[in-house]
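What shape does this take:
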Amino acid sequence: MKKFLVSFFLVSLMGTFLYANEFDTQVDENVEKIQKIFNSLVNSDLKKRYFNYNYPQMDVIEDTKNYTFFFALPGRKKEDITLALRDDNVLVIKGKAQKRVIQNDASYKEQEIFFGKFKRSIKLPKNIDISSLKTNFTDGILQLTINKKASQQKNLKIIPID
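This is a model prediction of the structure:
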């Protein structure tokens, strides 16, 4: 059975190469054109106009006592970041990154680094002590550590069965 499957795969693969035709070439060329158009749209002013929010990457680590959040904010300054806690226990991190100024005779050949507004909202767990929140911003990484509330075990009252 194994030999049959390998043989079938090889014959199918060979057939693809043997029967390639002009139609396949035209399809490949059209796909390439569509990819170029899509890439130009993604890197255009359309992107900057309608998709101007960056969504910072985040890691969350949980241990027995804490939740620790790490946000990747490369190139940002502490002064450009705002942290807020909404009444519904949602942490909001937002800000703006200033665009790099280049000389008048220079232009971007490729621009992948995001500049502009950024925002992320995270629903925090219910079992946290928000007064214990500690923050640290070093090397473009914002770290938030929040203690868990001490687990409250409910006292059980044993009820006799009659």
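
can we go C-alpha only for contacts and neighbour counts from here?
Fine.

Quick check, residue 82 in contact with residue 93.
Yes. Using CA atoms under 8 Å, residue 82 is in contact with residue 93, at 5.7 Å.

chain center to the longest strand seen in the chain: distance?
Under DSSP state E, the strand in the chain containing the largest number of residues is strand 128-138. In terms of CA atoms, centre = their mean, to the nearest Å, the centre of strand 128-138 is found 22 Å from the chain centre.

And stretch 116-126, by the same measure?
12 Å.

quick revisit: so which bits of the longest strand of the chain are buried?
Neighbour counts over strand 128-138 (16 or more other CA atoms under 10 Å) mark 128, 130 as buried.

Kindly format the C-alpha coordinates of it as PDB.
C-alpha atoms of strand 128-138 as PDB (Å, rounded to 0.1, in the frame of the first residue of the first chain):
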ATOM      1  CA  ILE A 128      -7.000  40.700  41.200                       C
ATOM      2  CA  ASP A 129      -6.000  43.400  43.700                       C
ATOM      3  CA  ILE A 130      -5.900  46.500  41.500                       C
ATOM      4  CA  SER A 131      -4.200  48.500  44.400                       C
ATOM      5  CA  SER A 132      -1.200  46.200  44.000                       C
ATOM      6  CA  LEU A 133      -0.600  47.200  40.300                       C
ATOM      7  CA  LYS A 134       3.100  47.900  39.600                       C
ATOM      8  CA  THR A 135       4.400  49.100  36.200                       C
ATOM      9  CA  ASN A 136       7.900  49.200  34.600                       C
ATOM     10  CA  PHE A 137       8.900  50.500  31.200                       C
ATOM     11  CA  THR A 138      12.300  49.400  30.000                       C
END
